[in-house]
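Undergrad: pasting the sequence and the predicted coordinates here, then a few questions.
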Amino acid sequence: DIQMTQSPSSLSASVGDRVTITCRTSEDVATYLYWYQQKSGKAPKVLIYGVSTLQSGVPSRFSGSGSGTDFTLTISSLQPEDFGTYYCQQSYRTPTFGQGTKVEV
Amino acid sequence: EVQLVQSEAEVKEPGESLRISCKTSGYLFTDYWISWVRQMPGKGLEWLGRIDPDDSYINQRPSFQGHVTLSVDKSIDTAYLQWTSLKSSDSATYYCARHRSSSWIWFDSWGQGTQVIVSS
């Protein structure tokens, strides 16, 4: 399996802050990289697919970037509703997820 | 509106069998794969496997092969995840999710999750 390592594991930030979450993969995953947000007790929701394409309906303050084995999810101006846990996922090989980054606002 | 509605929470004893369901609506069932994702209590997400509703072709993570079975009933647009002999380590929330491509496996719609508790 491709290993996915997210950092940090958790973070606390204030409304309006710029937040960056990184995801490192154990091998090159090309553009098969996606980001999800999960709130407690709810199903995950896709934010970004193909490294940088924003899913329809997702606010433009979310953006994705990266290539090869290093990827980033950025929230340009953190809002109160952005609390939750964020996961990266790859499908270059058998799908795997990162361990998650818990964002506290 | 696309919807994936899963069956209710289950409490079972070790060794019992179980089938949970994922009823879809709002799209052509055979146009999208259905994957199942496990989330153990307080933990992250783990992909179990996927099924193509059109022909029931299945890919499974090797660690789950032989322990869970994926199936669909095209006549009622429903996917299933089944165990013949549950273990306490199967206690988790299970999500179904759809994806369009066989290689671009990202999930644009999810069920609400089915919590499975296995305890004696």
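TA: Right, received. Where do you want to start?

Undergrad: report pLDDT for the residue nearest the centre of chain A.
TA: For chain A, the residue whose C-alpha lies nearest the mean C-alpha position (CA atoms, centre = their mean) is residue A:35; its distance is 3.9 Å. We note a pLDDT of 98 for residue A:35 in this prediction.

Undergrad: distance check, it against chain B.
TA: When CB to the nearest CB, to the nearest Å is the yardstick, residue A:35 and chain B sit 9 Å from each other. All C-beta spots, glycine's among them, are computed from the backbone N, C-alpha and C.

Undergrad: so that residue lies in a helix, does it not?
TA: No. Judged by DSSP: H, G, I helix; E, B strand; the rest coil, residue A:35 forms no part of a helix; its state is strand.

Undergrad: which residue, other than its chain neighbours, is closest to it?
TA: Residue nearest to residue A:35 in three dimensions, not counting chain neighbours: residue A:48, with 4.1 Å by CB to CB, 6 or more residues apart in numbering or on different chains.

Undergrad: what helix or strand does residue B:71 sit in?
TA: Residue B:71 is part of strand B:68-73, with elements assigned from DSSP states H and E.

Undergrad: helices or strands next to that strand in the packing?
TA: In this structure, strand B:68-73 makes packing contacts with strand B:33-39, strand B:45-52, strand B:57-60, strand B:78-83, judged by 3 or more CB pairs under 8 Å, 6 or more residues apart in numbering or on different chains; DSSP states H and E.

Undergrad: in the shortest one, what counts as buried?
TA: Residues B:59, B:60 are the ones in strand B:57-60 that count as buried (16 or more other CB atoms under 10 Å in any protein chain shown).

Undergrad: same question, stretch A:43-56
TA: Buried residues in stretch A:43-56, counted by 16+ other CB under 10 Å: A:43, A:44, A:45, A:46, A:47, A:48, A:49, A:51, A:52, A:54, A:55.

Undergrad: how close does residue B:7 get to residue B:20?
TA: As for residue B:7, its distance to residue B:20 is 5 Å (criterion: CB to CB, to the nearest Å).

Undergrad: average pLDDT across the helix or strand encompassing residue B:115?
TA: Assigned by DSSP H and E, residue B:115 belongs to strand B:114-118. Across strand B:114-118, pLDDT averages out at 98.

Undergrad: in the sheet, who's paired with residue B:46?
TA: On DSSP bridges, the residues paired with residue B:46 through beta bridges are residue B:38.

Undergrad: my read is that it contacts residue B:37, right?
TA: Yes. With contacts counted by CB atoms under 8 Å, residue B:46 reaches residue B:37, the gap being 6.6 Å.

Undergrad: the two: which is more packed in?
TA: Between residue B:46 and residue B:37, residue B:37 has the larger neighbour count (other CB atoms under 10 Å in any protein chain shown), namely 25 against 17.

Undergrad: report the contact partners of that one.
TA: With contacts defined as CB atoms under 8 Å, 6 or more residues apart in numbering or on different chains, the neighbours of residue B:37 are B:45, B:46, B:47, B:48, B:94, B:95, B:96, B:97, B:107.

Undergrad: so what's the most centrally placed residue in chain B closest to, chain neighbours aside?
TA: The C-alpha lying nearest the average C-alpha coordinate of chain B belongs to residue B:36 (CA atoms, centre = their mean; 3.5 Å). Counting by CB to CB, 6+ apart, the nearest residue to residue B:36 once its immediate chain neighbours are dropped is residue B:48, at 4.4 Å.
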